[in-house]
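**Student:** The following block contains a protein sequence and its predicted model.
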Amino acid sequence: MPEWLEVIVRTIFAVVVLFFLTKLLGKRQVSQLSFFEYITGITIGSVAAYISLDTDKTWHLGIIALIVWVAFSLGIEYLQIKSKKARDFIDFKSSVLIKDGKIMEDTLRKEKLTTDELLEELRKKDVFTVANVEFAIMESDGAVNVLLKKENQPLTPKDLGIKVAPEKETQAVIMDGKILDEPLDTLNLSRSWLKGELEKQGLTVENVFLGQVDSYGELTVDLYADKVQVPQPQDKPQLYALLKKCEADLELFSLSTSNQEAKQMYGDSSARLQKLLQELKPYIQAN
């Protein structure tokens, strides 16, 4: 076999082996690498390169080395799962960089992190003032997570005593101009409903690059023609406005009638509708 052809065959073989062994190691090898996983990734890549380029008769030893490295890595991962002491020894411990708005200078020196680098990490979290930080922690993978002081955290609906609708995963129901039936079934929706929603916006399935349905059952679309403005659905805002008008009419009837029984009935109905509107507000009010 010519040498150039042998290199091609070995390279393809090395890529296939490396692919399956990396799949065996799991997703962490391609996302958040620990210190040991970083070393393992570099070594496995180097061994794979040796297999594809070394044209002597001992290239099969590279396969053995590759299998040993992967087996050893799996053993280390299993040990880390079973023992916290092993995790702390093999990987780095989390370190507190800021506590109660005060920078831990000793920790910064230990982690070899400069003040500029710390401020840069804070800015990535949209934090520009150290005094606003309750805790800043460097995780074992080097990422910095930040917790703001309570008074500096943004208000949530829970803080204001407002009930909001539960969120579900948004489903893509149209992709590349084609309807996806499985997401529609997940949402208990049909093709006829989807086509009806598209007709309201003057669209066809073929015009849509991506169509998504949120947890409230509202369809939003992205078109192939980016310059075309898609009209936003107005059903929910109109429903909210109609119910609000009904509530105001009931209150007006209560004030205008002299019949005490009717006044009481209109007043109670207005109060119940007002309470219902407060509960429905997160679902149907316009954004």
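**Tutor:** Now that the structure is in, tell me what you want to look at.
**Student:** From now on I want contacts and neighbour counts done on CA atoms only, so please keep to that.
**Tutor:** Noted.
**Student:** Okay, helices next: where are they in the protein?
**Tutor:** Along the chain, the stretches classed as helices by DSSP state H are 3-25, 35-53, 60-82, 84-90, 105-110, 115-124, 181-186, 191-200, 235-256, 260-284.
**Student:** got these as a markdown table, with distance to S140 and mean neighbour count columns?
**Tutor:** Output for the helices of the chain, formatted as a markdown table (distance: least, CA to CA, whole Å; neighbours: other CA atoms under 10 Å):
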| stretch | distance to S140 | mean neighbour count |
| --- | --- | --- |
| helix 3-25 | 19 | 14 |
| helix 35-53 | 8 | 17 |
| helix 60-82 | 13 | 15 |
| helix 84-90 | 9 | 13 |
| helix 105-110 | 14 | 13 |
| helix 115-124 | 15 | 14 |
| helix 181-186 | 37 | 14 |
| helix 191-200 | 47 | 14 |
| helix 235-256 | 47 | 15 |
| helix 260-284 | 40 | 16 |
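**Student:** and these as a markdown table, adding mean pLDDT?
**Tutor:** Formatted as a markdown table, these follow (pLDDT from 0 to 100):
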| stretch | mean pLDDT |
| --- | --- |
| helix 3-25 | 69 |
| helix 35-53 | 71 |
| helix 60-82 | 77 |
| helix 84-90 | 74 |
| helix 105-110 | 90 |
| helix 115-124 | 92 |
| helix 181-186 | 90 |
| helix 191-200 | 88 |
| helix 235-256 | 73 |
| helix 260-284 | 80 |
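**Student:** export these to a markdown table and tack on distance to A225?
**Tutor:** Formatted as a markdown table, the helices of the chain follow (distance: least, CA to CA, whole Å):
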| stretch | distance to A225 |
| --- | --- |
| helix 3-25 | 38 |
| helix 35-53 | 43 |
| helix 60-82 | 48 |
| helix 84-90 | 52 |
| helix 105-110 | 51 |
| helix 115-124 | 34 |
| helix 181-186 | 24 |
| helix 191-200 | 15 |
| helix 235-256 | 25 |
| helix 260-284 | 29 |
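**Student:** what sits against the most centrally placed residue in the chain?
**Tutor:** Residue closest to the mean C-alpha point of the chain, counted by CA atoms, centre = their mean, is E169 at 10.4 Å. Shown in contact with E169 (CA atoms under 8 Å, 6 or more residues apart in numbering): 214-215.
**Student:** and if we set it to 6 Å?
**Tutor:** Contacts for E169 (CA atoms under 6 Å, 6 or more residues apart in numbering) come out as none.
**Student:** Let the chain start at 3 from now.
**Tutor:** Sure, I'll start numbering at 3, so the last one becomes E171.
**Student:** What backbone torsions are found at it?
**Tutor:** For E171, the backbone dihedrals are phi -60, psi 130 (criterion: degrees, to the nearest 10).
**Student:** Y226 now?
**Tutor:** The phi/psi pair for Y226 (degrees, to the nearest 10) is phi -60, psi -40.
**Student:** burial count for it?
**Tutor:** 14 (other CA atoms under 10 Å).
**Student:** Check whether it really touches F211, as I assumed.
**Tutor:** Yes. Counting by CA atoms under 6 Å, F211 is a contact partner of Y226 at 5.3 Å.
**Student:** And this structure, what are its domain boundaries?
**Tutor:** 5-91, 97-154, 237-286 (automatic domain parsing).
**Student:** Indicate which one of those is closest to L182.
**Tutor:** Of all these, domain 237-286 sits nearest to L182, with 24.4 Å by CA to CA.
**Student:** just how off-centre is the closest one within its chain?
**Tutor:** Mean-position distance between domain 237-286 and its chain equals 40 Å (CA atoms, centre = their mean, to the nearest Å).
**Student:** before we move on, what about stretch 147-161?
**Tutor:** With CA atoms, centre = their mean, you get 19 Å for stretch 147-161.
**Student:** Out of the domains of the chain, the one nearest L205 is which?
**Tutor:** Closest to L205 of these is domain 237-286 (CA to CA; 17.2 Å).
**Student:** For W195, which of the domains of the chain is the nearest?
**Tutor:** domain 237-286 (14.6 Å).
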